[in-house]
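Enquirer: predicted model follows, preceded by the sequence.
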Amino acid sequence: MGHEVRVLGPCDGAPPDTFVTPLGDSLPTAANGSVAPLAPDPSAALRTIRVLKDEEFDVLHLHEPLTPGPTFTSLVMQMAPIVATFHAAGESASYKYLNAPLKAFASAIAHRVAVSKDAVLLAERYLGGEYEILPNGVEIERFESTVITPRTRRSIFFCGRHEPRKGLEVLLKAHATLPDDVELWIASDGPETERLQREWAGDSRIQWLGRITDAEKADRLRGTSVFCAPSLGGESFGVVLIEAMAARTPIVASSLDGYMNVATDMVDAVLVTPGDVEALEFGLRRVLDDPTLAGRLVAAGASRATEFSMHSLAVRYEQIYRRILDESRAEAARTVPGRFARWWKTLMRLRALASNTIRRMLVK
């Protein structure tokens with residue numbers, strides 16, 4: 001689309017691409033029942049400030065802007081107009097217990113985006129403001145064009161971190177009762193991997209794939225009989241469901257609000273009660289044994305996936321970037337030079353926050 005883009009963030013090892021600027025190693029941090037790779041250390045903050053100063057970006061797009069690390073540093077410094085995308089859903093301890101200061105910092109955001117209704121509910125409850133819902137995007141062409149590796153047996157594909165909230169153990173129990181010709185492909189790893197491998201070591205139908213490349217993931221999605229997402233909770237949006245739809249693969253998934261932002265039961269997926277082994281087994285059998293149902297799900301899913309194309313998402317974000325950039329320039333022309341205005345706003349916000357904190361301490 002003719003724009004120069006840089007991606008800033010923590011990076012373990014060499015940058016994955018030339019447009020990525022690493023800001024230091026990540027620190028695995030528990031969040032939302034999972035583990036997020038964050039970089040909250042002072043050295044990462046200093047690198048972030050240095051890059052922001054050197055690059056002089058026209059617009060900053062921050063994902064989870066209030067998360068400790070480069071995004072929060074960028075929000076505090078406010079060295080360009082800011083677009084922020086909120087992903088988290090459910091509950092947030094930091095939003096709850098640090099509400100006043102976080103709400104103050106969030107006031108620097110020029111345009112707020114959330115990936116789902118659930119993400120909007122969380123952000124609105126604690127931060128206020130208005131939010132535009134823009135779902136996560138998927139490069140659907142990558143999954144549509146994948147050449148399928150021929151396979152002779154029926155299979156179920158699971159791809160996700162091996163942790164309780166992903167429901168892998170529920171899937172393993174459901175798979176144990178399925179016919180002998182149904183394989184189970186399990187990608188990735190996690191804190192439960194070793195235990196689950198020990199408990200199901202006797203089932204030769206299970207393939208523990210470990211971490212796989214994006215290319216193999218696309219190949220597996222295209223080649224499997226069913227993609228299964230048995231999560232128990234903590235999902236604000238189902239990107240992996242869109243990928244399976246784009247790969248023209250039938251889906252059996254948990255009936256979570258986050259997944260229902262993407263899929264509709266018996267239209268483009270079979271949705272079952274989270275944590276219910278019998279319900280999951282029944283849903284898998286329905287899709288495996290009914291080619292007509294599977295074909296109907298695939299057709300509807302392929303159509304649904306086009307609504308989440310990365311190109312469509314990029315077009316909308318470009319419109320947002322242009323608008324907030326125009327507004328920022330107009331404001332700068334009316335008042336003082338733009339960069340000084342942004343620094344002045346940051347200084348006043350920090351001053352107000354410090355004053356409020358001192359006042360509360362004196363009252364106590």
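Expert: Thanks, I have the structure now. What you see is a predicted model; the values in this text were computed from it and never measured.

Enquirer: need the contact list for the residue positioned nearest the centre of the chain.
Expert: For the chain, the residue nearest the mean C-alpha position is residue 87 (6.2 Å; C-alpha atoms, centre = their mean). Applying C-beta atoms under 8 Å, 6 or more residues apart in numbering to residue 87 gives the contacts 63-64, 114-115, 119, 236-237. The C-beta positions use only the backbone N, C-alpha and C, and glycine is treated the same way.

Enquirer: per-residue pLDDT of it, please?
Expert: Residue 87 is assigned a predicted lDDT (pLDDT) of 92.

Enquirer: so who does the closest residue to it other than its chain neighbours touch?
Expert: Of all residues not flanking residue 87 in the chain, residue 115 sits nearest, at 5.3 Å (C-beta to C-beta, 6 or more residues apart in numbering). When contacts are counted by C-beta under 8 Å, 6+ apart, residue 115 touches 85-87, 133-136, 236-237.

Enquirer: try it again with 6 Å
Expert: Neighbour list for residue 115: 87, 135-136, 237 [criterion: C-beta atoms under 6 Å, 6 or more residues apart in numbering].

Enquirer: that one and residue 24: what is the separation?
Expert: According to C-beta to C-beta, to the nearest Å, residue 115 stands 26 Å off from residue 24.

Enquirer: please apply the same query to residue 124.
Expert: 32 Å.

Enquirer: how deep is residue 319 tucked in, by neighbour count?
Expert: Other residues lying near residue 319 total 10 when counted by other C-beta atoms under 10 Å.

Enquirer: and the pLDDT for it?
Expert: Residue 319 is given a pLDDT of 97.

Enquirer: related to what we said a few turns ago, between residue 124 and residue 24, which has more neighbouring residues?
Expert: Between residue 124 and residue 24, counted using other C-beta under 10 Å, the more crowded position is residue 24 (19 against 15).

Enquirer: please tell me how far the residue nearest to the centre of the chain sits from residue 106.
Expert: Residue 87 is 15 Å from residue 106, by C-beta to C-beta.

Enquirer: how about stretch 204-215: buried residues?
Expert: 205-206, 208-209 (16 or more other C-beta atoms under 10 Å).

Enquirer: gap between residue 88 and residue 43?
Expert: According to C-beta to C-beta, residue 88 stands 26 Å off from residue 43.

Enquirer: who has more neighbours out of the two?
Expert: For residue 88 versus residue 43, neighbours defined as other C-beta under 10 Å are more numerous around residue 88 (22 against 11).

Enquirer: let me see the contact set for the more buried one.
Expert: Neighbouring residues of residue 88 by C-beta under 6 Å, 6+ apart: residue 122.

Enquirer: please redo it, this time with the cut-off set to 10 Å
Expert: Residues in contact with residue 88 (C-beta atoms under 10 Å, 6 or more residues apart in numbering) are 31-32, 36, 64, 66-67, 94-95, 114-115, 118-119, 122-123, 234, 236.

Enquirer: in the stretch 51-200 of the chain, which spans are helices?
Expert: Counting by DSSP state H, counting those that start in this stretch, one finds helices in the stretch 51-200 of the chain at the ranges 70-77, 93-97, 99-106, 117-127, 140-144, 168-175, 193-199.

Enquirer: figure out which of those helices is closest to residue 313.
Expert: Closest of the helices of the stretch 51-200 of the chain to residue 313 is helix 140-144, at 11.1 Å (criterion: C-beta to C-beta).

Enquirer: helices or strands next to that closest one in the packing?
Expert: Contacting helix 140-144 under the criterion 3 or more C-beta pairs under 10 Å, 6 or more residues apart in numbering; DSSP states H and E are the following elements: helix 214-223, helix 239-246, helix 291-305, helix 310-334.

Enquirer: distance to residue 71 for the ones you listed - can I get that in CSV?
Expert: Listed next are the helices and strands packed on helix 140-144 as CSV, based on distance: least, C-beta to C-beta, whole Å:
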stretch, distance to residue 71
helix 214-223, 24
helix 239-246, 19
helix 291-305, 29
helix 310-334, 16
